[in-house]
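Visitor: After the sequence you'll find the predicted model.
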Amino acid sequence: MALDSTYREDPVTNHGISPGDQYRADAQVEYKILPLYMPEEGLPKLLVLSIESNYVHDGRDRVSGLVFANSGGNTLKQDAILEVSTLHWQIGMGAQVPVMQDLAGVGRMKQRSGFFVFRILPCRTHVAPRQMMTCTRFVLIAVLFIRHAAVCAEVPSAGLKITRAVAALNGVFSPRGFFNITVRLYQLDGVDAAKYDLKKSQITLDFKPGITVTPERIQDVMAGAGYKPGPVHIQLLAPNEVFETGPGWVKIKHPQSKNRVVRWFQLNF
């Protein structure tokens, strides 16, 4: 549940003009429909119903020091949104109904019911079949070459430890919250994989062998995503003690571009 209320005062200018004061009050309630029972580990797909109410009171406008008759009033709108979300995409649909429109004056235009659909999905480029075959071969060769080079370059020494950080999060109850954190994890040098546990509101980070990190650095990244971080526990594990195959584990990408659009594509592809 979320509640919000604001008041804006618009005093009359030296020319006697004012758009009128405004008071807004918003309330939102979300109800998780699926899954019925949250798994102990991992980040499941969520089906959520969101109900939102928006109330607005507009004061009378003033023109040349006089009150404008066709201005001001009270409106109350009711929204219902049904959405499915995962770590990297979200799709939903909703409707808005004007419950109350008490508008002062005559000839004022009133809003009718509306329906809307929104989505946040990665876009993929369509390629002709022959071009796709050539591109696939090229990509496979490039991936094999890069993977071979990475394996040759990053064979860890037997004496190097892997740093694992387990961080508690306050206020992360949806895949969107974890996504906001994921797009900032590249700021941590050497972070290799992450595990998301929605029920525990917890994130586990594994770093490359030999890389160390402080709890304060991880908390700074969480705070930068707009969430209040909880305690962070650091562990040093041998490579044979690290398993990243359970539910909720994802590999973390490290985009190099400074362009936000290019960086977004590098994070999602």
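Guide: Happy to help now that I have it. This structure is a prediction, so every number in the text was calculated from the model and none was measured.
Visitor: Give me the domain ranges for the chain.
Guide: 2-120, 158-268 (automatic domain parsing).
Visitor: Buried deepest among these, which one?
Guide: Mean neighbours per residue, mean count of other C-beta atoms under 10 Å, is largest over those for domain 158-268, with a mean of 16. Every residue, glycine included, has its C-beta placed from N, CA and C.
Visitor: could you say which helix or strand contains the most centrally placed residue in the chain?
Guide: The geometric centre of the chain, computed from its C-alpha atoms, lies nearest to R176 (C-alpha atoms, centre = their mean), at 3.6 Å. If you go by DSSP states H and E, R176 is part of helix 175-182.
Visitor: re earlier: could you export the domains of the chain to CSV, including columns for mean pLDDT?
Guide: Output for the domains of the chain, formatted as CSV (pLDDT from 0 to 100):
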stretch, mean pLDDT
domain 2-120, 86
domain 158-268, 85
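Visitor: re earlier: mind listing residues that contact the helix holding R176?
Guide: With contacts defined as C-beta atoms under 8 Å, 6 or more residues apart in numbering, helix 175-182 is touched by 43, 45-46, 85-88, 90, 169, 171-172, 194, 196, 198, 203, 221-222, 225-227, 250, 252, 267.
Visitor: For T86, see how far away the residue nearest to the centre of the chain is.
Guide: Going from R176 to T86 by C-beta to C-beta, to the nearest Å gives 10 Å.
Visitor: ditto for M100
Guide: Relative to T86, and taking C-beta to C-beta, M100 is found at 37 Å.
Visitor: For this structure, which segments are assigned as strands?
Guide: 2-8, 22-34, 46-58, 62-63, 66-67, 73-85, 90-103, 114-120, 162-170, 191-197, 202-207, 228-237, 249-251 (DSSP state E).
Visitor: These: which one's closest to R184?
Guide: With C-beta to C-beta, the closest approach to R184 among those belongs to strand 191-197: 10.6 Å.
Visitor: partners of the closest one in the sheet?
Guide: strand 202-207 (antiparallel), strand 249-251 (antiparallel) (DSSP bridges).
Visitor: possible to save the ones you listed as a markdown table with distance to I51?
Guide: Rendered in a markdown table, the data for the strands paired with strand 191-197 read as follows (distance: least, C-beta to C-beta, whole Å):
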| stretch | distance to I51 |
| --- | --- |
| strand 202-207 | 28 |
| strand 249-251 | 31 |
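Visitor: Of those, which is nearest Y55?
Guide: That would be strand 202-207 among the strands paired with strand 191-197, by C-beta to C-beta, at 36.7 Å.
Visitor: Just want the angle from that closest one to strand 228-237.
Guide: Put simply, strand 202-207 runs at 40 degrees to strand 228-237, going by axes from the mean of the first three to the mean of the last three C-alpha atoms, to 10 degrees.
Visitor: distance between strand 202-207 and the chain's centre?
Guide: 18 Å (C-alpha atoms, centre = their mean, to the nearest Å).
Visitor: again, but for stretch 197-204
Guide: 15 Å.
Visitor: what does stretch 62-72 give?
Guide: From the chain centre to the centre of stretch 62-72 is a distance of 42 Å (C-alpha atoms, centre = their mean).
Visitor: can you put the strands of the chain in a markdown table and add distance to N180?
Guide: Shown next, in a markdown table, are the strands of the chain (distance: least, C-beta to C-beta, whole Å):
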| stretch | distance to N180 |
| --- | --- |
| strand 2-8 | 16 |
| strand 22-34 | 17 |
| strand 46-58 | 15 |
| strand 62-63 | 42 |
| strand 66-67 | 45 |
| strand 73-85 | 12 |
| strand 90-103 | 12 |
| strand 114-120 | 12 |
| strand 162-170 | 11 |
| strand 191-197 | 12 |
| strand 202-207 | 12 |
| strand 228-237 | 13 |
| strand 249-251 | 15 |
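Visitor: Out of these, flag the one nearest F243.
Guide: Nearest to F243 among the strands of the chain is strand 249-251; the distance by C-beta to C-beta comes to 8.8 Å.
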